[in-house]
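S.K.: Sequence and predicted model, in that order:
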Amino acid sequence: MSFPNSHKTVFLLDRSSAFHESSKQPVDFDMFMKAKAPGLIPLAPISKSLWTCNVEAVLEYVRIVYDVFPVSKLIQLIVSEGDAIALNSWNQQEQNLQHLTGMLARLRPPNNDHLVSNDCTIFNGINLAIEKLCEPSIIQHKVRTSLTESASSCENRGRIICLSSFESDEFIHKVESYVLNMLNQHNKLAMSTDVLMPVDHCELVLVDLVPLGNQSICSNQPKKQLSPYLTSEVHSSQSGRFIAIKLVELVMSHFNLSSTTVTGIPMKEEQNAMSSANYDVELLHSSDAHIDLIRAGHHEGLVAPSKEGLYTDTITLKWCTPKTTAVELQQCTGAFRITPVDVNSRPSSCLTNFLLSGRSVMLEQPRKTGNKIISHMLSSHGGEIYIHVLSTWRSMLEDPPSISEGAGGRLTDYRINDFGELMKENLLGPVTDASNLSMLPIKRAQAQIERMTRYWPLIISETIIFNMASIIDPLPSLIMKETLSEAEVVECKKVIYHVVGMETRNDPLPNPTSGARGKSSKRDEQYRQMWNELERFVRAYSNTSASHGKVLECVTECKRKNNDDSPTGQPAKVKEDKVFSSDTSGDRSSKPSTDKDRQDMRKSEVKKEPESPCAKRFKIGFGQNRSAASQSLLSMWTNRIKLEHKATCPEFAGRQDSPGNKAELYKHLKDTSNGEGGHGINEKTGGGRGGSHKSNISLA
């Protein structure tokens, strides 16, 4: 049985003379004085020592661990000065905050003697810390002495956190070498006795501290491997509130903790009980409470910076006003202990007292639109406060959901049968011997599923070619192969030519109505969509080999030929020319002159092709010269009435006797060149333009 590094943690506090100095973070001593008399000189601010700041930060680290993991995680405190002193042991009775605070209160402040070297202080504490890691805890002792298989595999892991002031990076390397040397010596000693356990792995965390405003000489160093059983990392931090934030960040990384901020908590004002305001409380708990949010992708939009000054992110959940004091039965997938980040704040205290009174609080994911989702619940059990993870999915006891309730929405025409066939064709199985294969079986399987899903519509109404599988078989199965033989290329071309013949005969294509919206398109439009989809499908595999490219060339050639001379589009073109000529021609001789001709024309105009699209409606009086494709039914009827009306008018008698449908006016005028009537006519019609004038007027 392997115990993690977080099972045993040893804190090494340097109590040398360097920590007698001030942290340089002022604290207002008169901040609690509500009323000050006039003329009273306020007290000067004070500042804590570096030792006091270290003790408070370590106790906050210990408080968080004991609140979230009251049993399984153990911590020892070692104070190193001239001699190293252990303030507690791995015994469970000494693993509590009251015992540690009592032991720290007995210690005197650090000496103000700068002549004492710090090297000896640090090394004595490191030696004692490694010795304590070799001592087994109670649970380790039970496992290693049990007559089970896990007794021989019981591993001893631990962590050492040293808070000191280091002179330089070279001195840190010296400390790391000393730790590695001591580990080797203590492991040899532990293997020679049954009381101790050798350390299988130790994690060394060095924290270099300086007063507020000073710059650290040592640089931050990420975790590095010094040996198979020792890793080291270095952190530099200023004292005061910065060391407290640093240790909270370390405890979150060491014990895999996450932060949740409860927003919108209604609380009454301390000064005015009649008014209330909303507050936020940040909680720490195991990261397992956010696994469902991350897996479902619901954490996007909920992540925000920490409001307590931590350099980490927090998940924001909104307070839901509880409607009952009883704990209702909820479908929970997990429950984890919590602890506030700022335990002494008034909002944290009010929330803790509210939950300890027996009430429960629902936490919802804040959303701008849509229904609210309650994903967590705060409740107390036996004096311990837990965050419960509520299931946001269907229960296993309910009926399985309909496919229309999935991510696609209200769609009912998924290609379920085709998807089942796809799964059958891509089943994975064990391979006996892969040494002789040029490609790993998993790589070959991935390549196959990639080829078969390059073009794969999800629903029936989005495809035409996959709905006519009996017509285009075996083209889909052949085109997905890695290579095509000449015979297979011929088979694919036969399928394409068969589709061309269907279009020539104007055969109907399958038109699925399941899940489709609106009316079906006309036949020539369906063939156009079919050719576009067939080209897109074949083009997805055209780069596989040269044979695949030949199939694509055949498709594009047939598609181009059908677009240039389509049998379904020719009747519509002839009809369009006929209507256009009847609308724009000004020659009366081409109009029907008898009732039989007019009836034939009416039948030819009224009759429509079964696949021709319905003409769009236009306003009355629009476009007398529009083509038949843009004519409305009203304009076509109006034009026909006008044509019939013009056809019934009597023909001009002069034009009937004249050749070429042109009547010559005043044809006897040139026979009477010297008559009076001619002069009179010339005077009336334009004698001023030079005598007699012969005018040929054509009546259109």
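M.R.: That came through fine. Numbers count the residues shown, from 1 in each chain.
S.K.: Which phi and psi values does residue 363 adopt?
M.R.: The phi and psi values for residue 363, taken as degrees, to the nearest 10, are phi -120, psi 130.
S.K.: Could you point out the longest helix of the chain?
M.R.: Longest helix in the chain, counting residues (DSSP state H): helix 169-191.
S.K.: What ranges does the stretch 151-300 of the chain have for its helices?
M.R.: Here the stretch 151-300 of the chain has its helices, by DSSP state H, counting those that start in this stretch, at 169-191, 241-254, 291-296.
S.K.: With respect to residue 313, which of these lies nearest?
M.R.: helix 241-254 (10.8 Å; CB to CB). For every residue, glycine as well, the C-beta is placed using N, CA and C.
S.K.: Okay, buried residues for the closest one please.
M.R.: 242, 243, 244, 245, 246, 247, 248, 249, 250, 251, 252, 254 (16 or more other CB atoms under 10 Å).
S.K.: Show the average pLDDT along it.
M.R.: What helix 241-254 shows for mean pLDDT is 93.
S.K.: What is it packed up against?
M.R.: If contacts are counted by 3 or more CB pairs under 8 Å, 6 or more residues apart in numbering; DSSP states H and E, helix 241-254 sits against helix 50-68, strand 157-164, strand 201-210, strand 230-238, strand 257-268.
S.K.: orientation of it relative to strand 257-268 in degrees?
M.R.: 120 degrees (axes from the mean of the first three to the mean of the last three CA atoms, to 10 degrees).
S.K.: tell me the angle helix 241-254 makes with helix 50-68.
M.R.: Using the same axes, to 10 degrees: helix 241-254 against helix 50-68 is 30 degrees.
S.K.: Give me the residues contacting helix 241-254.
M.R.: 5-6, 9, 25, 53-54, 56-58, 60-61, 64-65, 159, 161, 163, 205, 207, 209, 212, 235, 237, 257-259, 284, 309-312, 341 (CB atoms under 8 Å, 6 or more residues apart in numbering).
S.K.: Show the buried residues in those.
M.R.: Buried subset of these (neighbour count, 16+ other CB under 10 Å): 5-6, 9, 25, 53-54, 56-58, 60-61, 64-65, 159, 161, 163, 205, 207, 209, 212, 235, 237, 257-259, 284, 310, 341.
S.K.: Could you list the residues in contact with the longest helix of the chain?
M.R.: 119, 122-123, 126-127, 130-131, 133-134, 160, 162, 166, 196-199, 202, 204, 206, 208, 217-219, 221, 226-227, 229-230, 232, 234.
S.K.: Identify each buried residue in it, please.
M.R.: 171-172, 174-176, 178-180, 182-183, 186-187, 190.
S.K.: now those in CSV, with pLDDT and distance to residue 330?
M.R.: Listed next are these as CSV, based on pLDDT from 0 to 100; distance: CB to CB, whole Å:
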residue, pLDDT, distance to residue 330
171, 92, 55
172, 93, 51
174, 93, 56
175, 94, 51
176, 94, 50
178, 94, 53
179, 94, 48
180, 95, 51
182, 94, 51
183, 94, 48
186, 94, 50
187, 93, 49
190, 92, 48
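S.K.: gap between the closest residue to residue 474 other than its chain neighbours and residue 464?
M.R.: Leaving aside its sequence neighbours, residue 474 sits nearest to residue 491 (CB to CB, 6 or more residues apart in numbering; 6.2 Å). Remark: distance between residue 491 and residue 464 (CB to CB, to the nearest Å) = 21 Å.
S.K.: Between those two, tell me which one has more neighbours.
M.R.: Under the criterion of other CB atoms under 10 Å, the comparison of residue 491 against residue 464 puts residue 464 first, with 22 against 16.
S.K.: Would you mind giving the secondary structure of residue 6?
M.R.: helix (DSSP: H, G, I helix; E, B strand; the rest coil).
S.K.: Could you check how far it is from residue 200?
M.R.: 14 Å.
S.K.: do residue 249 as well
M.R.: In terms of CB to CB, residue 249 sits 26 Å off from residue 200.
S.K.: just residue 134 next, same as before
M.R.: Counting by CB to CB, the gap from residue 134 to residue 200 is 11 Å.
S.K.: Mutual contacts of the two, please.
M.R.: Common neighbours of residue 134 and residue 200 (CB under 8 Å, 6+ apart) are residue 156.
S.K.: between the two, who's got more neighbours?
M.R.: Taking neighbours as other CB under 10 Å, residue 134 and residue 200 compare with residue 134 leading, 19 against 16.
S.K.: which residues are contacting stretch 70-79?
M.R.: Contacts for stretch 70-79 (CB under 8 Å, 6+ apart): 6-13, 15, 58, 62, 65-66, 84-90, 92, 95, 100, 103-104, 107, 125, 128-129, 132, 137, 139, 255, 337.
S.K.: Mind giving me the packing neighbours of the host helix or strand of residue 553?
M.R.: According to DSSP states H and E, residue 553 maps onto helix 546-564. Packing partners of helix 546-564 (3+ CB pairs under 8 Å, 6+ apart): helix 475-479, helix 486-504, helix 523-539.
S.K.: Between these, which one is closest to residue 348.
M.R.: helix 523-539 (60.6 Å).
S.K.: By neighbour count, which bits of the closest one are buried? Give me those.
M.R.: Buried-residue list, helix 523-539, by 16+ other CB under 10 Å: 523-524, 526-528, 530-531, 533-535, 537-539.
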